[in-house]
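Peer 1: Quick one: sequence plus predicted model below, questions after.
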Amino acid sequence: MDRARRRGAVWLFTVAGLVFLLDRLTKVWAERRLVSDPIDVIQGVLTFRFATNPGGAFSLGQNAPWFFATASIVVSILIVVTAFRHTNVLTAVALGLVLGGALGNLTDRLTRGEDFFSGRVVDFIDLQIWPVFNIADAAIVVGAVILAVSSFVGDRDQATSGAALGGSASPAPDGHAVDER
């Protein structure tokens, strides 16, 4: 295995571990500190308030915790299985954010319910104009946005390099253009 692939996997798993740890620590803090006494960080803009959510993002699908648990497991497995294929650090970091967030919320579903995967996810960041969320949710969204933007930029860069190479560039498995002349 080459050095770039190892580096990508190290970035991916390091970011995932840090996100998971930060998510777990902040949820424990929220449950201990915020249950009866929210904290107004910026009046009318940001409040730390304890809440739980049996559903997914934006409290959607509250009657389908199995769906979100299954999706988290599938996404996590796919990321782990492909971890040593990524040579682009930005892609590895983005996937690490998604993996850490998915595992953070999955842990709540496993540990905070009476039945398997029935647990409610702890949320505590309230921006007043947005549903209450947590570090894991933020990491998943940021990771997905980074993946989408880098994919778009990569496609545009690939098209540009293909034109510069006389139209003979094709994508390599890592998303970079390869000259096939």
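Peer 2: Now that the structure is in, tell me what you want to look at. Numbers count the residues shown, from 1 in each chain.
Peer 1: Identify the residues contacting residue 25.
Peer 2: For residue 25, the contact set (C-beta atoms under 8 Å, 6 or more residues apart in numbering) is empty. Quick note: C-beta positions are derived from backbone N, CA and C, even for glycine.
Peer 1: how close does it sit to residue 79?
Peer 2: 22 Å (C-beta to C-beta, to the nearest Å).
Peer 1: tell me the mean pLDDT for the strand or helix carrying residue 125?
Peer 2: Element membership of residue 125, judged by DSSP states H and E, is strand 121-126. Taken as a whole, strand 121-126 has an average pLDDT of 94.
Peer 1: Does residue 50 belong to a helix, a strand or coil?
Peer 2: Secondary structure state of residue 50, per DSSP: H, G, I helix; E, B strand; the rest coil, is strand.
Peer 1: Also the one 5 residues further on?
Peer 2: When classified by three-state DSSP, residue 55 comes out as coil.
Peer 1: pretty sure it is touching residue 69, no?
Peer 2: No: Residue 55 is not in contact with residue 69 according to C-beta atoms under 8 Å; the separation is 11.2 Å.
Peer 1: So the two - more neighbours on which side?
Peer 2: More crowded of residue 55 and residue 69, by other C-beta atoms under 10 Å: residue 69, with 21 against 16.
Peer 1: do you know how far that one is from residue 96?
Peer 2: Between residue 69 and residue 96 the computed distance is 21 Å (C-beta to C-beta).
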